[in-house]
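1. okay, here's the prediction I keep looking at, along with the sequence it came from:
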Amino acid sequence: MKKENQDLQEPTRSELEILQVLWKYGPSTVRTVNDKLNEEKREVQYTSTLKLMQIMVEKGLLVRDESAMKHVYSPAMEESKTKSMLLDKFVENLYDGSASNLMMQLLGNHKTSKKSWMPLKHS
């Protein structure tokens, strides 16, 4: 694994929700993130979102721009890199690093048919 991935702490479920908002809407204030969480995910108190985002800055998951009166937060790492790091950890921890074992599990858990592999035809 790359050193960059080892240094970054793994985000919690709540932290991932915040990251998803920032990846979707771009750099944002705590108020904006909190409003989007309440609209799209679940009800969260503003103070909880603020505290969690401050912790995420300390963990290196977010970057805070303090140049304006309202602080603006953005992800410290691109969405694809974060997801890749989390997937690598998942495969390493649950499948002994074997992506093929993960794929076999996925295929074994879902019924597949010839129809599901065919391209959709539009009428």
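-> Arrived safely, thanks for sending.
2. right, and the helix or strand after the lowest-mean-pLDDT helix or strand in the chain?
-> Across the helices and strands of the chain, mean pLDDT, DSSP states H and E gives its lowest value to helix 3-7, namely a mean of 46. Later in the chain than helix 3-7, the nearest helix or strand by DSSP states H and E is helix 13-25.
3. now for that following helix, which elements pack on it?
-> helix 30-40, helix 46-59, strand 62-65, strand 72-75, helix 79-95 (3 or more C-beta pairs under 8 Å, 6 or more residues apart in numbering; DSSP states H and E). Every C-beta, even on glycine, is put in place using the N, C-alpha and C of the backbone.
4. following the last one, which helix or strand shows up next?
-> If you walk from helix 79-95 toward the C-terminus, the next helix or strand you reach (DSSP H and E) is helix 99-109.
5. for the residue nearest the centre of the chain, give its distance to Asp35.
-> The centre of the chain sits closest to Leu16, judged by C-alpha atoms, centre = their mean, with a distance of 4.1 Å. As for Leu16, its distance to Asp35 is 18 Å (criterion: C-beta to C-beta, to the nearest Å).
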